[in-house]
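Student: this one's structure only:
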Ligand SMILES: Nc1ncnc2c1ncn2[C@@H]1O[C@H](COP(=O)(O)OP(=O)(O)OP(=O)(O)O)[C@@H](O)[C@H]1O
């Protein structure tokens, strides 16, 4: 099967530091791929290169979006807005919400890349603009409902619990209608109940035909939901494969998991 994302020999240098060094991996459509490794391994840099925040120093990132009949297109070096338009969305390690805005408005903002009406339409409040506004609210409510937050739609984002703020970030990312969503430590700071709910939510994202790339330190979660996991250490890929082979891989145990991991 053609991968939805293919990263080939990607490197990212910051001055004298190789944050990513010749990293290659693929993500199969409609799967959950894990991206793990110790602190500073290059995971977030990898997300930043995929989403256009950073331009890789070398290498290629090819996206085969179902929206474009799986025709492969090179996305390295494209602006983040373009990458969103092409169908990649993300959440952040540190929650990035407009805390004073309502929960609904936080998602409405996320829909922006999918809107068509222009500034003039907004000023003149044309019928087309009003119709689009209505559609944006409906779609935003749909995604809030999807993550279980519709009853909080009119509350301010900062009033949500930590776990709910993370779900709101996911709703906002989904509202851009991605084919691939990148989740950066979604379980960080969550209690076991919230993590169990998150797991169900990630499975329901998959059911929407959205492929998932997941950075996560909660190994129980990663090992139980990913079909394949890529492991980075000091910017280099040290393993890539199904959870069991990752658990048993001596390099991964040495660099990251520790000796107790094989029994986890
Ligand atoms: N903008 C930057 N300028 C300079 N160095 C950077 C920059 N961004 C990341 N780095 C460095 O690149 C390396 C990889 O960082 P990165 O944040 O990608 O790691 P990570 O695997 O996501 O770690 P963590 O699990 O702690 O989030 C680190 O040494 C980091 O200090």
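Tutor: On my side now, so go ahead. In this text the structure is predicted, and so the values were computed from the model without any measurement.

Student: now residue 66: how far from the ligand?
Tutor: Per C-beta to the nearest ligand atom, to the nearest Å, residue 66 is found 28 Å from the ligand. In short, each C-beta sits where N, CA and C put it, glycine included.

Student: counting neighbours, what do you get for the nearest residue to that residue once chain neighbours are set aside?
Tutor: The shortest distance from residue 66 to any non-neighbouring residue, by C-beta to C-beta, 6 or more residues apart in numbering, is to residue 179 (5.2 Å). Neighbourhood size, residue 179 [other C-beta atoms under 10 Å]: 22.

Student: for residue 179, what are phi and psi?
Tutor: Residue 179 has phi and psi values of phi -90, psi -20 when expressed as degrees, to the nearest 10.

Student: would you mind measuring from it to residue 160?
Tutor: 27 Å (C-beta to C-beta, to the nearest Å).

Student: next one: residue 44
Tutor: Distance from residue 44 to residue 160, counting by C-beta to C-beta: 24 Å.

Student: try residue 231
Tutor: From residue 231 over to residue 160 the distance is 33 Å, taken as C-beta to C-beta.

Student: between the two, which is the more surrounded one?
Tutor: The neighbour count for residue 231 versus residue 160, taken as other C-beta under 10 Å, is higher for residue 231 (25 against 20).

Student: tell me which element that one is part of?
Tutor: According to DSSP states H and E, residue 231 maps onto strand 228-233.

Student: strands of the stretch 51-200 of the chain, residue ranges please.
Tutor: In the stretch 51-200 of the chain, the strands defined using DSSP state E, counting those that start in this stretch lie at 58-64, 72-74, 88-90, 180-184.

Student: what helices or strands is the longest helix seen in the chain leaning on?
Tutor: Among the segments of the chain that qualify as a helix by DSSP state H, the longest is helix 127-146. Here helix 127-146 touches helix 103-110, helix 119-124, helix 162-174, going by 3 or more C-beta pairs under 8 Å, 6 or more residues apart in numbering; DSSP states H and E.

Student: just how off-centre is it within its chain?
Tutor: Distance of helix 127-146 from the chain centroid (C-alpha atoms, centre = their mean, to the nearest Å) equals 23 Å.
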